[in-house]
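Undergrad: Attaching a predicted model along with its sequence, questions to come.
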Amino acid sequence: MPLLNIMGTTSLGTTYYLGFIFLSGETEEDYLWALKELKIVMKGKDIIDPGVVITDRELALMNALEIVFPKTANLLCEWHISKAVLTYIKRERIFKKKGQRDDDEEAQKEEVSKQDNFMV
């Protein structure tokens, strides 16, 4: 059962929790329901729609945000972008040791293993 964790940030850089919502799944319909409920609560407390939302590129969530908060900018999380880039670099073996040949598979596997252990 997925948990949608909704947080906010003040102008001073402090964070606070807006809500925790258990979802039955991670479909656009699930996110629509959760965001519509959030919007109802926000309107009841006279809170304006958010100016920016940061997500992890969950496409169903991004689509639901566009429907419920159409004027809100949707940005991607820097941590998730960095993680995706690192995964791509490891998978494509972009960085190799000096003098390492492409056909030296065993050395490549060893290098990827060392990189994986470095990140742990």
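TA: Looks like it came in fine.
Undergrad: Please name the bridge partners of Ile21.
TA: Ile21 has these beta-bridge partners by DSSP bridges: Leu4.
Undergrad: same question, Gly8
TA: Beta-bridge partners recorded for Gly8 (DSSP bridges): Tyr16.
Undergrad: tell me the domain ranges of this protein?
TA: 3-76, 79-119 (automatic domain parsing).
Undergrad: now do the same end-to-end measure for the first one.
TA: This stretch, domain 3-76, spans 19 Å end to end (CA to CA, to the nearest Å).
Undergrad: what is the rounded mean pLDDT of it?
TA: Across domain 3-76, the average pLDDT comes to 95.
Undergrad: ditto for the shortest one
TA: Domain 79-119 comes out with an average pLDDT of 71.
Undergrad: okay, the domains of the chain, which one's buried deepest?
TA: Using mean count of other CB atoms under 10 Å, the stretch among those with the largest mean neighbour count is domain 3-76, at a mean of 13. Using the backbone N, CA and C atoms, a C-beta is placed for each residue, glycine as well.
Undergrad: Give me the distance from it to the chain's centre.
TA: Centre-to-centre, domain 3-76 and its host chain are 13 Å apart (CA atoms, centre = their mean, to the nearest Å).
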